Each structure stands twice: as C-alpha cells, then as structure tokens.
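Visitor: Need a 3D model of the following:
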Amino acid sequence: MRSGAPETLFLLILQVSVLLCVCAQGSQSYSYADCTQLRENEESTHFGGRCFCYSSGTVIKWKDFWSTFQVRVTGDDSARIVYPIGEGSCYTPDRLAVLLQCLVSQAWAPSASSENGVHIPLVDEDVCFHVQARPNTRYTLHVTGKKLNRLRFGLFAGGLLLFIFAGTLCRSTLFYYIVGVSLGMVSILVFIVLVLKSFIPQRGLFLVLVASCSSLTYLGFQQLLTHWEEVVLLYWKGLLGYVLASGFISFLVCYWRGPVMDKRTLVVLTWTVQAVALGLMSYGMTYPPAACALIGTLVGMKCLSFIWRLFWGICRQTGRLFGSVLGLFRRRRPQVRLLTEEEYREQGEIHTKASLEELRCHCNRPDFPAWDTVLRLRSPQRFAEFLRGGSHVSPGESQSHDNEYGLGGSYFGDMIFSSDHRGAPVPSRAFSMLGSGDDISEDELDCSDPSPPAASPVSGPLPLQPGLLALPPPTFSPPICPYPPTPYTPPPGAEVTEDMELF
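Guide: As a prediction, the model looks like this:
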C-alpha cells in the first residue's frame, strides 16, 4: 500500500464527521411562522408572552465559532426568556443523526434556561426563543450582535490543553490527588466502588455497580443544580460538612493507595481525561458543525494508528488466505538438494551393481543372441565369467585404476602440479575421456587410436633411440569361429539351460 494511505483515511474520517455534524445541526434550529422577527442592536417593546426569532444574516467565519449574541429583557421582573423551545422531530426522525440526538436527549434532557438575559450560539438559520410574561405586561427586548464569549473560549482552550497533555497529567502526583479528592466529593458512591474493586469477585458485577452508582450520582447532581438556591440557603451547613468530610476521606484513601503505576490503568485514565477534554471543547465551541468536525478529527488522529494496524492486519490475513487458495491449484516443485561426496559414491556403487545385475539377467535370457555377441567380443572368456557371477573388471584393470585415480596417483599429481605452476588444475586424459559423456565399449577402446599420454612431472618418458623407426600401431583382426553358427531350437516343455563352457 502506498504511503499516502493514512492521510487518505484521515481525510475520509474528517469528511464523514463534518457531514454528520451538519445533519445534526440542521435538526437543532427551529423556525415558526407566528414568531416575531428581531433585528440586531435594536430595542423593541412588547406585551405578554410570545415567540421571537433572530437571524444573524452574515456568513459564519472561523472566529465566530466562539461567538454568541445576547438577548436581554427589561421592564418587568416577571418576564423570563426560555431557550431552547420546541422538541424537534423525535417522533418521526428522517436522519440517523436526529435519531441519535433524540435518544441522548431522552437520557440527559437539557434544561431550558429561564433568565432575564441569555447568550445564544450562532447558527446558519433562524434561532427562536420564547418570552414568558403575564398578560398585558410591558417589557423591552434588546438583542446584542455577535460577540466573543470569553467563557466558551476559555473552556475550549482548557479542553484542548487537557487533551494534549492528558498523558503527562495522568502521571503527575498532584493531578492524582486533585482528581481523587474531586471524585470523592462529587460522587462518593463511585469512589467507594473503585476503592473496593479488589474485593468484588466478578468483573460484570463491578461494571453493574459502577453504572448504578454513576446513575444515582447524576440524578442527585441534577436535583442539586435544580434546587441550588434553596439548598444553599437552607442546608448550607450540611452541604459544607459533606464537602469537607468527603474531601478529607478521599485524600486519606488516595494517600494510602498511592499514585497509579499500572500501565493499563494509566492508559484507561488517559482516555478518560481525553474524553472529558473533548466534552469541554464541544461545549466551548458555539458553532455545532465546527465542534463536531474538530472532535471527529481528534478522535480520528487518536484512533488512526489502531485503524491502520487493523486494516493492515486484515489485508495481510486476506493475502495469506488468497495465497493458500492459489497454492492448492499450483504444482509443487520438488526440492532439489546437492549430494555429498559420500552419497555420490554410495549411489554410484548401488546403481552400478543394479545395472550389472540387470545386464547379467538380460544376457542369460533364452532369446539373447549369444553367437552374435561372442563374435564381436575380444575376450569371450571374461564375458562368460561375468555371466557366471564374476567381476566385470580384471585385477590388472583395478590396480591400474587405483594407480591413476587413487591417493597419490598420476591424476591427482597432475592436478596438484598444474595448479602450482599455472594457478588452476588441468584435467588429464582420463578425466577428459570420462567427462565426454559417451559410452565406449571394450572393442572401441581397443580399436580406436589412443591419444598420447600426458607428460608426468614425476617421471618423464624415455627418449627413443635414433636407430629405431616408429612402427605403426598393430591392427586388430576379429577372431574367426571355426564352425558356422547354427540355430538352436529348445525342445518343448523342457527347461532351457545354456552351456556356459562355450564362452
């Protein structure tokens, strides 16, 4: 695969994130035909409760991702601004993103703010809100143009820094104590379950307890925020005592347990901190498509290495499977191995004996032309001895072969002295004759004109006397049988036996 594959995968993840966020963003804006349209930086007087809509009318740029516009109502203390309004199309969702958003909103229902002034994020379409007031109550509504929201920008910057330095912070002792004490004060039940994790036998039971304690903590925290003013006025002593007691107990437990040293626990803690950082960045950006695109990009960069390993592993396993399937239809080549010198000699002896035995059996068959073969041989007696089980070489030939090719023979002497004087061994006559690759019979060896032997460096040939003339080589005349060959017909039913004394 090419080196640009990770970049292509990263761009694909970014595009999918932007498309999902745009689809989700389209379901968050509400437009009502009976709402009153407002303009930027204008004050308007109204009576009673009614619906209002505002459109920015400008193209949203990158510096507007942290900008909001403010709506304030003055004139009557009973007038309140309610945002957001409407429940969207959760009963008939036309997109997957809308369905997911509705499921999340059912679990964590956002509470509508009811105040004298609210900061509303910028969107591409009209933003609608409602003013609650008594009938015939006069109030003034003022809309301020888009402006940088410092609180949102601070949350975004803090979340980005927390995401980048999550690994370093999780290994810090100070951060360990801060997180431990904060978790003990906010969710004492989850803190207790985490401390008693080693005493819980089953992992499934531990996860169920963590989920149950987290749900109870969320419900309690939501009720506390809903009745915050009442709790602070009436039960501030109990709230202060709870904070001090839970914080002190959490600090003692964290000091007793010590900082986290397990690598797996540090990895899980790093991922948790980065998830919190993503939540802060999402809330800090007022433009939902940009927030979703940024979160998708960061998650894609975080998971890109895992996705790349998974993709490469799948490709490698697919290639192996494809190769094994092709190997079923491919003819396997035999493995070739060179023989050693000992194996070469052993196989030579075995095959030589087998070939000689096959030749002996062939010559002993009844249909073998014995007389024609005898007329062509120089020494029929040796052939007869061979058929009776004798050796195919005479003792003199064996001794001559040992003198020439044995240890200290003329063949190896020629190779040694030629390699000393010329740098490379020169094959002798016998080597060239053996290396020709043609089979030569005994008659051809005797009748052919032998080449002159190579000069041996050990002992040179004796010089010829000047009075003697070189004689021509003796000619060979084949032996003549005194009796003409007569065909022999064996009697029927009787076993045919050859008289080996004829040879």
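
Visitor: low-confidence ranges in the stretch 201-350 of the chain?
Guide: Scanning the stretch 201-350 of the chain for pLDDT under 70 picks out the ranges 331-332.

Visitor: Mind splitting the chain into its structural domains?
Guide: According to automatic domain parsing, the chain comprises the domains 8-149, 151-285.

Visitor: With mean neighbour count added, can I get the ones you listed in TSV?
Guide: Just so you know, the C-beta spots here come from the backbone N, C-alpha and C atoms, and that holds for glycine as well. Formatted as TSV, these follow (neighbours: other CB atoms under 10 Å):
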stretch	mean neighbour count
domain 8-149	15
domain 151-285	14
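
Visitor: now those domains in CSV, with distance to residue 353?
Guide: Converted to CSV, the domains of the chain look like this (distance: least, CB to CB, whole Å):
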stretch, distance to residue 353
domain 8-149, 70
domain 151-285, 71
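
Visitor: Between those, which one is closest to residue 401.
Guide: With CB to CB as the criterion, residue 401 lies closest to domain 8-149 of these, at 75.2 Å.

Visitor: The domains of the chain: which one's closest to residue 359?
Guide: domain 8-149 (74.1 Å).

Visitor: For residue 351, give me the pLDDT.
Guide: At residue 351 the predicted local distance difference test score is 91.

Visitor: Surely it is within a helix?
Guide: Yes: counting by DSSP: H, G, I helix; E, B strand; the rest coil, residue 351 is part of a helix.

Visitor: How many neighbouring residues does it have?
Guide: Residue 351 has 10 neighbouring residues, counting by other CB atoms under 10 Å.

Visitor: quick one: it from residue 345, how far?
Guide: Distance of residue 351 to residue 345, given as CB to CB, to the nearest Å: 11 Å.

Visitor: just residue 247 next, same as before
Guide: 92 Å.

Visitor: Over to residue 205?
Guide: In terms of CB to CB, residue 205 sits 76 Å off from residue 345.

Visitor: Next: residue 234.
Guide: For residue 234, the distance to residue 345 - CB to CB - is 109 Å.

Visitor: Next: residue 194.
Guide: Using CB to CB, residue 194 is found at 78 Å from residue 345.

Visitor: hang on, isn't residue 191 packed against residue 184?
Guide: Yes: the criterion here is CB atoms under 8 Å, and residue 191 meets it with residue 184 at 4.4 Å.

Visitor: shared neighbours, the two?
Guide: 250, 253 (CB atoms under 8 Å, 6 or more residues apart in numbering).

Visitor: For residue 128, what is the enclosing helix or strand?
Guide: strand 127-132 (DSSP states H and E).

Visitor: Now do that strand, average pLDDT.
Guide: On average, strand 127-132 scores 81.

Visitor: Adjacent strands (with direction) for the very next helix or strand once past that strand?
Guide: Per DSSP H and E, strand 127-132 leads on to strand 138-143 as the next helix or strand towards the C-terminus. Strand 138-143 pairs in its sheet with strand 43-47 (antiparallel), strand 67-74 (antiparallel), by DSSP bridges.

Visitor: if we can go back for a sec, who wins for proximity to residue 296 among the domains of the chain?
Guide: Across these, closest to residue 296 is domain 8-149 (CB to CB), at 2.4 Å.

Visitor: Now do residue 334 against residue 360, distance only.
Guide: From residue 334 to residue 360 the distance is 32 Å (CB to CB).

Visitor: more neighbours, the two?
Guide: Remark: of residue 334 and residue 360, residue 360 carries more neighbours, 15 against 6, as counted by other CB under 10 Å.

Visitor: Give the helix, strand or coil label for that one.
Guide: State at residue 360, reduced to three classes by three-state DSSP: helix.

Visitor: so it sits right up against residue 386, yeah?
Guide: Yes: when contacts are counted by CB under 8 Å, residue 360 is listed as touching residue 386 (6.9 Å).

Visitor: ranges for the strands of the chain?
Guide: 36-38, 43-47, 50-54, 67-74, 80-83, 113-115, 117-121, 127-132, 138-143, 147-148 (DSSP state E).

Visitor: Reformat those into JSON lines and put distance to residue 176 next to each item.
Guide: Converted to JSON lines, these look like this (distance: least, CB to CB, whole Å):
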{"stretch": "strand 36-38", "distance to residue 176": "50"}
{"stretch": "strand 43-47", "distance to residue 176": "53"}
{"stretch": "strand 50-54", "distance to residue 176": "46"}
{"stretch": "strand 67-74", "distance to residue 176": "36"}
{"stretch": "strand 80-83", "distance to residue 176": "40"}
{"stretch": "strand 113-115", "distance to residue 176": "36"}
{"stretch": "strand 117-121", "distance to residue 176": "35"}
{"stretch": "strand 127-132", "distance to residue 176": "43"}
{"stretch": "strand 138-143", "distance to residue 176": "47"}
{"stretch": "strand 147-148", "distance to residue 176": "35"}
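
Visitor: I'd like the strands paired with strand 138-143 written out as TSV, with distance to residue 298 and mean pLDDT added.
Guide: Formatted as TSV, the strands paired with strand 138-143 follow (distance: least, CB to CB, whole Å; pLDDT from 0 to 100):
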stretch	distance to residue 298	mean pLDDT
strand 43-47	42	82
strand 67-74	22	82
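
Visitor: Include distance to residue 212 when you put these into JSON lines, please.
Guide: Below are the strands paired with strand 138-143 laid out as JSON lines (distance: least, CB to CB, whole Å):
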{"stretch": "strand 43-47", "distance to residue 212": "48"}
{"stretch": "strand 67-74", "distance to residue 212": "37"}
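
Visitor: Contact partners for residue 188?
Guide: By CB under 8 Å, 6+ apart, the residues touching residue 188 are residue 246.

Visitor: Distance of it relative to residue 220?
Guide: From residue 188 to residue 220 the distance is 10 Å (CB to CB).

Visitor: max-length helix in the chain?
Guide: The longest helix of the chain (DSSP state H) is helix 288-328.

Visitor: so that one versus strand 117-121, what angle?
Guide: 30 degrees (axes from the mean of the first three to the mean of the last three CA atoms, to 10 degrees).
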